[in-house]
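# Here is my input, please return the structure:
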Amino acid sequence: MEQPSATNYEIAQVCLLAGKIMLENGGETYRVEDTMSHVAQAFGVPNSHSFVTPTGIIFSIDGPEQTTRLIRISARSTDLHKVTVVNAVSRRISQGELTPAEAYRLLVDIDTARTGYPTWIKILSAAIASGCFLIMFQGKWSDFLPAFVAGGAGFSFLGYFHRLVPIKFFAEFLASLLIGTMAYLWVIAGLGHDLDKIIIGSVMPLVPGLLITNAVRDLMAGHFVSGVSKGAEAFLTAFAIGAGIAFVLSFYNGEGITG
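From the prediction side, this is the model:
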């Protein structure tokens, strides 16, 4: 629905903020561009262009009052609830229920809201998931507790290491190194049996599953820059996890670590 009182700058603000929220919280590149395009059309701007990468968004509006803006994406996480809420706001805009000013205020509230789960719930979920992955990979129930503890501790220290060392690669390497060491200690103490199953189950919460999925979907949608860059980021994460585990296995090689 056309909003004649809105300026191109106000419309661009709404589109960029919507795209920023989605991209920072796990949205795919093509979904971000599609949402920004629909919002601009709903506000009476048929000729808009966007270029989205994992680290930035460029948005431009053609016409007498041409507007081009760039926004930097410096932090990315996973909060699909925010992506869903932004989609709901986009649908309300398309139905003509919101003006640019109202939509912008709603998006600011979404952006600043702390909708994530408490840290202790995330750690507990990672610990339970580690134990369940162990069983899924045909591990023994007697190894459930070692995987539970190692997976929860690894996920917990991942956040701590990331705050201590802001380079993601090293935080993931240290977290996987901790998981491998704890798994080895459980086996040495006689409380764990299959070291490989314990390690595999414990590192699963660190695996970048959403990142890999988004990389494939972006590549299939023709967004090669974003797809390749997300794929490279997923590869580095996988390499960091593998390097940490390999360091533990090579350090204790030949000492009966396989139980």
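# Now do the phi/psi pair for Q95.
Main-chain torsions, Q95, degrees, to the nearest 10: phi -90, psi 0.
# That one - how many residues pack around it?
Using other CB atoms under 10 Å, Q95 is surrounded by 10 other residues. Heads up, the C-betas are built off the backbone N, CA and C, glycines and all.
# One more: A171?
21.
# and it, helix, strand or coil?
Put simply, A171 is helix when judged by DSSP: H, G, I helix; E, B strand; the rest coil.
# correct me, but it touches G154?
No: counting by CB atoms under 8 Å, A171 sits too far from G154 to count as a contact (11.0 Å).
# In the stretch 151-259 of the chain, mark out all the helices, start to finish.
Applying DSSP state H, counting those that start in this stretch to the stretch 151-259 of the chain gives helices spanning 168-188, 195-203, 209-220, 224-251.
# Now the longest one: buried residues?
I take that to be helix 224-251. 226-227, 229-231, 233-234, 237-238, 240-241, 244-245, 248-249 (16 or more other CB atoms under 10 Å).
# returning to that earlier point: any chance of the helices of the stretch 151-259 of the chain in TSV, plus mean pLDDT?
Putting the helices of the stretch 151-259 of the chain into TSV (pLDDT from 0 to 100) gives the following:
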stretch	mean pLDDT
helix 168-188	89
helix 195-203	89
helix 209-220	85
helix 224-251	87
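# Indicate which one of those helices is closest to C15.
Closest of the helices of the stretch 151-259 of the chain to C15 is helix 224-251, at 17.6 Å (criterion: CB to CB).
# what distance separates stretch 58-68 from the centre of its chain?
Distance of stretch 58-68 from the chain centroid (CA atoms, centre = their mean, to the nearest Å) equals 30 Å.
# do stretch 117-130 as well
The chain centre lies 16 Å from the centre of stretch 117-130; the measure is CA atoms, centre = their mean.
# in it, what counts as buried?
For stretch 117-130, burial by neighbour count (16+ other CB under 10 Å) applies to K122, I123, L124, A126, A127, I128, A129, S130.
# go on, stretch 210-223?
So for stretch 210-223, counting by 16+ other CB under 10 Å, buried means L211, I212, N214, A215, R217, D218, L219, A221, H223.
# Repeat that for stretch 67-78.
If you call a residue buried by 16+ other CB under 10 Å, then stretch 67-78 has these buried ones: T67, I71, R76.
# got any ranges where the chain has weak pLDDT?
Scanning the chain for pLDDT under 70 picks out the ranges 1-6, 252-259.
# domain ranges for it?
8-112, 119-251 (automatic domain parsing).
# quick revisit: just the buried residues of stretch 210-223 now: which is nearest I11?
The nearest member of the buried residues of stretch 210-223 to I11, counting by CB to CB, is H223 at 23.2 Å.
# show me the residues around the closest one that make contact.
Residues near H223 by CB atoms under 8 Å, 6 or more residues apart in numbering: T29, Y30, V52.
# Thought L219 was touching the first one, still the case?
Spelled out, it's T29. No: counting by CB under 8 Å, L219 is not a contact partner of T29; they are 9.9 Å apart.
# so what sits against both of these two?
Here T29 and L219 share the contacting residues G227, scored by CB under 8 Å, 6+ apart.
# before we move on, the earlier item: looking at the buried residues of stretch 117-130, which two lie furthest apart in space?
By the measure CB to CB, K122 and S130 form the most distant pair in the buried residues of stretch 117-130, at 12.6 Å.
# thought G131 was touching A150?
No: at 9.7 Å, G131 and A150 do not qualify as touching, with contact defined as CB under 8 Å.
# who's more crowded, those two?
Taking other CB under 10 Å, G131 and A150 do not tie; A150 has more neighbours (30 against 24).
# For the closest residue to I199 other than its chain neighbours, which residues are in contact?
With sequence-adjacent residues excluded and distances taken as CB to CB, 6 or more residues apart in numbering, I199 is closest to A183, at 4.9 Å. Contacts for A183 were tallied using CB under 8 Å, 6+ apart; they are P146, A147, A150, G192, L195, I198, I199, S202, V248.
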